[in-house]
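[1] attaching a predicted model along with its sequence, questions to come.
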There are 2 protein chains.
Amino acid sequence: MSGLRARDPAPAKPAATEPARRPRRPSGGPGSLLEVAVAEFNTRGYDATSMEDLSRAAGITKSSFYHHFAGKEALLRAALERALDGLFGVLAEPGAQTGTPSERLRHIVRGQVRVLMADLPYVTLLLRVRGNTETERWALERRRAFDAEITALVRAAVDAGEVRAGVEPALAAKLLSGLVNSIVEWYRPGRPGTATLPDDVARAAFAGILPAAA
Amino acid sequence: MSGLRARDPAPAKPAATEPARRPRRPSGGPGSLLEVAVAEFNTRGYDATSMEDLSRAAGITKSSFYHHFAGKEALLRAALERALDGLFGVLAEPGAQTGTPSERLRHIVRGQVRVLMADLPYVTLLLRVRGNTETERWALERRRAFDAEITALVRAAVDAGEVRAGVEPALAAKLLSGLVNSIVEWYRPGRPGTATLPDDVARAAFAGILPAAA
DNA sequence: CCCCGTCGACCGATCGTTCGGTCGGAGAGC
DNA sequence: GCTCTCCGACCGAACGATCGGTCGACGGGG
């Protein structure tokens, strides 16, 4: 049907100075459909974001979106996979596998903050998953596994006497994760203090957020 | 999906001792429509929860629900108001108004944890608001005001020399809020360690989550 | 008798998804 | 160099389902 061409009202995407250039959509880099979608998910929330919202933000139609992704949930899974890969990648680093429990924990905290900053939108999305679909439950499960490793390491540090006696490993691990993960609520790239953030957070975790004056 | 549902009229609500008596729905207490709704919002997420989900959970029809509440958003506002009242109530307490900045901060942290535990579902909902509707933006604004007071107090503590020099007030305040607020992700009432939680969290904030052994 | 709480039926809008078809660039054959 | 064919990217229109919300009726206790 149709056949009407009419050069659709491109939503402020193509620069007027440029001729009919091929935008050539990248597949994983900046400006990719996944990146655009994740940004929308984080602004409005996954459930509140419609496929039309995504299409509009990407500058293509809803139908075109389905040419690149199987559906809304496939988009979510791809994003969550990226976040989880980054997080588990930290656990696999040499610095997380060698040294005293305390040293390993310090390395993991710094690495976690580093990944969180580098893949901010993806990690943000991961931390907001509620478990409505099978994909979300899968992500929740993997997060649980990650947290379990942290808890085990905290327990090892307490048992080794590296941490003050009386600290409850389960509680400390939860507070530790909470401290680190809360960074997604306010961190935005390109602001001052970015370079020292991993160290600052590690220091706060070990010495206190509000340590008494010397 | 899973649309199939087997005649689920009253979810374990009616007392067996009573005959077919009118359940007499309370307006603010346990079992109230608001409480049921907030619980649903927290499990599925506000946007993913339909009015039919709420009605089913409350044991009445959708239309009956609209007899008690103006709509979905009115429900949300009532819940957010309750959470915010609790939080700002802490700031108004004598312990939060007198003493050194450091003492006041310690009191506020403990009080914040206390409110969070007492009004867990409401505070949980508040902390997940994204800003999609006017109501959500209003809640976000009030949260921002709350955080601003904390930041000012942290700055005062640093200026007074009560906190180790070099601590950035803005960063410390954000980490502090993140630490406290993350409790809603795992705390569930009726578990051991509940009584000491406010003190435990305050200690973690001031002395560190993983303090070095003495 | 009236009125409060409840109900089933229904509304328009929007949801995620599908489908048939258009367009233009990249080769293949000559 | 010039067609012809193919194919991936894209599109408008429409699908059934479900969304938040409305309406008129009914029934039983004060």
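    Nice, I can see it.
[2] buried sites along the longest helix along chain A?
    Secondary structure of chain A per DSSP state H: the longest helix is helix A:134-159. Buried residues in helix A:134-159, counted by 16 or more other Cβ atoms under 10 Å in any protein chain shown: A:135-136, A:138-139, A:142-143, A:146, A:150-151, A:153-158. C-betas here are computed from N, CA, C, even on glycine.
[3] list the contacts for the closest residue to A:Glu93 other than its chain neighbours?
    For A:Glu93, ignoring the flanking residues on the chain, the nearest one in space by Cβ to Cβ, 6 or more residues apart in numbering or on different chains is A:Gly111 at 6.3 Å. When contacts are counted by Cβ atoms under 8 Å, 6 or more residues apart in numbering or on different chains, A:Gly111 touches A:90, A:93, A:95-96, A:198.
[4] looking at these, which is nearest DNA strand D?
    A:Val90 (33.1 Å; Cβ to the nearest atom of the strand).
[5] how much space between the closest one and B:Leu91?
    37 Å (Cβ to Cβ, to the nearest Å).
[6] hang on, A:Met51 packs against A:Lys72?
    Yes: A:Met51 sits in contact with A:Lys72 when judged by Cβ atoms under 8 Å, with a separation of 6.0 Å.
[7] the two: which has the busier surroundings?
    Higher neighbour count among A:Met51 and A:Lys72: A:Lys72, with 20 against 17, using other Cβ atoms under 10 Å in any protein chain shown.
[8] tell me if I'm right that that one and A:Glu52 touch.
    No: the pair A:Lys72 and A:Glu52 does not pass the contact test of Cβ under 8 Å, sitting 11.1 Å apart.
[9] quick one: is whatever helix or strand A:Ala202 lives in near chain B?
    Per DSSP states H and E: A:Ala202 is located in helix A:197-207. Yes: with Cβ under 8 Å from any Cβ of the partner chain as the criterion, chain B is reached by helix A:197-207 at A:200-201, A:204-207.
[10] tell me what angle that helix forms with helix B:197-207.
    120 degrees (axes from the mean of the first three to the mean of the last three Cα atoms, to 10 degrees).
[11] by contact count, what packs against helix A:197-207?
    helix A:101-118, helix A:169-181, helix B:169-181 (3 or more Cβ pairs under 8 Å, 6 or more residues apart in numbering or on different chains; DSSP states H and E).
[12] in the longest one, what counts as buried?
    When you say that, I think you mean helix A:101-118. Per 16+ other Cβ under 10 Å, helix A:101-118 contains these buried residues: A:101-102, A:104-113, A:115-117.
[13] and if you look at the last one?
    Applying a neighbour-count criterion of 16+ other Cβ under 10 Å, one finds B:169, B:171-181 buried in helix B:169-181.
[14] tell me what it is packed against?
    Packed next to helix B:169-181, using 3+ Cβ pairs under 8 Å, 6+ apart, are helix A:169-181, helix A:197-207, helix B:101-118, helix B:134-159, helix B:197-207.
[15] rerun that using 6 Å as the cut-off
    When contacts are defined as 3 or more Cβ pairs under 6 Å, 6 or more residues apart in numbering or on different chains; DSSP states H and E, helix B:169-181 sits against helix A:169-181, helix B:134-159.
[16] which helix or strand contains the most centrally placed residue in chain A?
    Central residue of chain A (Cα atoms, centre = their mean): A:Val123, 1.0 Å from the mean position. Applying DSSP H and E as the criterion places A:Val123 in helix A:120-127.
[17] by contact count, what packs against that helix?
    helix A:33-44, helix A:72-92.
[18] could I get the ones you listed as CSV with distance to DNA strand C and mean pLDDT?
    Below are the helices and strands packed on helix A:120-127 laid out as CSV (distance: least, Cβ to the nearest atom of the strand, whole Å; pLDDT from 0 to 100):
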stretch, distance to DNA strand C, mean pLDDT
helix A:33-44, 10, 96
helix A:72-92, 4, 97
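[19] most neighbours per residue, which of those?
    helix A:33-44 (a mean of 21; mean count of other Cβ atoms under 10 Å in any protein chain shown).
[20] need the residues that contact it.
    A:49, A:53-54, A:57-58, A:68, A:75, A:78-79, A:121, A:124-125, B:132 (Cβ atoms under 6 Å, 6 or more residues apart in numbering or on different chains).
[21] tell me the angle it makes with helix A:72-92.
    Using the same axes, to 10 degrees, helix A:33-44 lies at 90 degrees relative to helix A:72-92.
[22] work out the gap between helix A:33-44 and the centre of the chain.
    12 Å (Cα atoms, centre = their mean, to the nearest Å).
[23] okay, buried residues for the helix or strand that comes right after that helix please.
    Toward the C-terminus, helix A:33-44 is succeeded by helix A:51-58 as the next helix or strand (DSSP H and E). Under the neighbour-count criterion of 16+ other Cβ under 10 Å, helix A:51-58 has A:51, A:53-55, A:57-58 buried.
[24] assess the claim that A:Gly86 and A:Ala118 are in contact.
    No: the criterion here is Cβ atoms under 6 Å, and A:Gly86 misses it with A:Ala118 at 7.1 Å.
[25] got any ranges where chain A has weak pLDDT?
    A:1-31 (pLDDT under 70).
[26] ok, now with 90
    The model of chain A has pLDDT under 90 over residues A:1-32, A:193, A:214.
[27] straight-line length of stretch A:89-97, end to end?
    Length of stretch A:89-97, first residue to last, Cα to Cα, to the nearest Å: 12 Å.
[28] can you give me the offset of it from its chain's centre?
    18 Å.
[29] do the same with stretch A:141-155
    The mean C-alpha position of stretch A:141-155 is separated from the chain mean by 17 Å, Cα atoms, centre = their mean.
[30] now stretch A:58-75
    21 Å.
[31] run the contact check for it versus DNA strand D.
    Yes: using Cβ under 7 Å from any atom of the strand, stretch A:58-75 reaches DNA strand D at A:60-64, A:67-68.
[32] for that stretch, buried residues please.
    A:58-60, A:65, A:69, A:72, A:75.
[33] most widely separated two among these?
    A:Gly59 and A:Lys72 (18.0 Å; Cβ to Cβ).
[34] outline the domain layout of chain A.
    Chain A breaks down by automatic domain parsing into domains covering A:33-69, A:76-207.
[35] distance to B:Pro192 added to these, as CSV?
    Shown next, in CSV, are these (distance: least, Cβ to Cβ, whole Å):
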stretch, distance to B:Pro192
domain A:33-69, 34
domain A:76-207, 10
